[in-house]
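Colleague: can't give you the sequence, but here's the structure:
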């Protein structure tokens, strides 16, 4: 294989930075892992470890019940006309 034809891949940043804690009150972190429909995104899409995905899932469910985070994203609701 010719060296000039090798493709280089950009290393992706980790979705959760080292200083961030997974907590149900950290809404800015949790919104990154929720789709526009309000569904929890899969681990494959999020690029999380299984332990991180479990913690994110529990935190999102707690935030939904205690109401800091709604079941649907407010951005998706504001774009539709009622």
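Modeller: Perfect, I can see it now. None of these values were measured; they are calculated from a predicted model.
Colleague: my read: residue 59 touches residue 24, true?
Modeller: Yes - in this structure, residue 59 is within contact of residue 24 by Cβ atoms under 8 Å, at 4.4 Å. Where C-beta positions appear, they are placed from N, C-alpha and C, glycine not excepted.
Colleague: The two: which has the busier surroundings?
Modeller: residue 59 (21 against 18; other Cβ atoms under 10 Å).
Colleague: How about the contacts made by the spatially most central residue of the chain?
Modeller: Geometric centre of the chain, nearest residue: residue 33, 1.7 Å, by Cα atoms, centre = their mean. For residue 33, the contacting residues are 15, 40, 41, 46, 48, 56, 60, by Cβ atoms under 8 Å, 6 or more residues apart in numbering.
Colleague: try 10 Å
Modeller: 15-16, 22, 39-43, 45-46, 48, 52-53, 56-57, 59-60 (Cβ atoms under 10 Å, 6 or more residues apart in numbering).
Colleague: next one: phi and psi at it?
Modeller: Per-residue torsions, residue 33: phi -110, psi 10 (degrees, to the nearest 10).
Colleague: quick revisit: just the buried residues of the contacts of residue 33.
Modeller: 15-16, 22, 40-41, 43, 46, 48, 52-53, 56, 59-60 (16 or more other Cβ atoms under 10 Å).
Colleague: which helices and strands does the top helix by length along the chain pack with?
Modeller: Counting by DSSP state H, the longest helix found in the chain is helix 50-66. When contacts are defined as 3 or more Cβ pairs under 10 Å, 6 or more residues apart in numbering; DSSP states H and E, helix 50-66 sits against helix 27-30, helix 43-46.
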